[in-house]
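All I have is the shape, not the residue letters:
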């Protein structure tokens, strides 16, 4: 009874807001309001390698991954990019609402994982110029929260972005791959030799960024590289 009363008092004094639309949350709502929660769609049938949607009850790997295996071992995500997920990511990424990364990272708990034991967690890095403009790397904030949840160390400076690439959203699939050639490199004293890595990003579209990061990590000696993102677009 005391704890219930305390939660009501805290909710009255410090009301929580929906991560997506910023509406007040009731005591029965967590992170997202009821209206936004219904737009948090995830796929039940997806390629176990890249996370793309699969039609029907066919093979567990898409044709693209079968024909041209990516550098990462597995890639998965929590929700489709749209509705509440899109609103929340846009607010976090472009509207200086960096505190929302903690709530978005909670979607990790609701997404099916392909493992839970990695030597290191690595956020997809921003180029220093873009980091200065934005003020923070949303992927690093997500990685920090996931690291706490699964008790794995986060390496922030082992993988770096050395090419200030054109924003991927403006490019085609082939253009994205060309854009990322030579974009990532490892620092001299990285700890990734023989290690298993979990890459973390906010949104995956074609998987080109994750693939480029995984290539760099495996060239540096990583034995396994998986990737997770809050959302998948397309």
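All right, it came through fine. The structure presented is a predicted model; accordingly, all values stated were derived computationally and were not measured.

Which positions in stretch 176-191 come out as buried?
Buried residues in stretch 176-191, counted by 16 or more other Cβ atoms under 10 Å: 176, 177, 179, 180, 183, 184, 185, 186, 190. Using the backbone N, CA and C atoms, a C-beta is placed for each residue, glycine as well.

and the most centrally placed residue in the chain, helix, strand or coil?
Centroid-nearest residue in the chain: residue 229, 2.4 Å away (criterion: Cα atoms, centre = their mean). Put simply, residue 229 is strand when judged by DSSP: H, G, I helix; E, B strand; the rest coil.

That one touches residue 80, doesn't it?
No - counting by Cβ atoms under 8 Å, residue 229 stays clear of residue 80, with 11.2 Å between them.

Residue 230 and residue 140: what is the separation?
As judged by Cβ to Cβ, to the nearest Å, residue 230 and residue 140 stand 13 Å apart.

cool, residue 50 as well?
Plainly put, residue 50 is 23 Å away from residue 140 if you go by Cβ to Cβ.

now residue 48
To residue 140, residue 48 is 27 Å away according to Cβ to Cβ.

Mind checking which of the two has more residues around it?
A direct count of neighbours by other Cβ atoms under 10 Å for residue 48 and residue 140 places residue 140 higher, at 20 against 17.

For that one, give its distance to residue 156.
In this view, residue 140 and residue 156 are 6 Å apart by Cβ to Cβ.

before we move on, what about residue 214?
Separation of residue 214 from residue 156 (Cβ to Cβ): 18 Å.

So between the two, which is more surrounded?
Counted by other Cβ under 10 Å, residue 214 and residue 156 do not tie: residue 214 has more neighbours, with 25 against 14.

coming back round to it: what do residue 140 and residue 156 both touch?
Counting by Cβ atoms under 8 Å, 6 or more residues apart in numbering, the shared contacts of residue 140 and residue 156 are residue 123.

Would you mind giving me the confidence score for residue 101?
As predicted, residue 101 sits at a pLDDT of 91.

What strand or helix carries it?
Using DSSP states H and E, residue 101 sits in helix 100-105.

ranges for the helices of the protein?
Ranges of helices in the chain, per DSSP state H, are 2-13, 34-37, 63-67, 83-94, 100-105, 128-134, 138-150, 173-179, 208-219.
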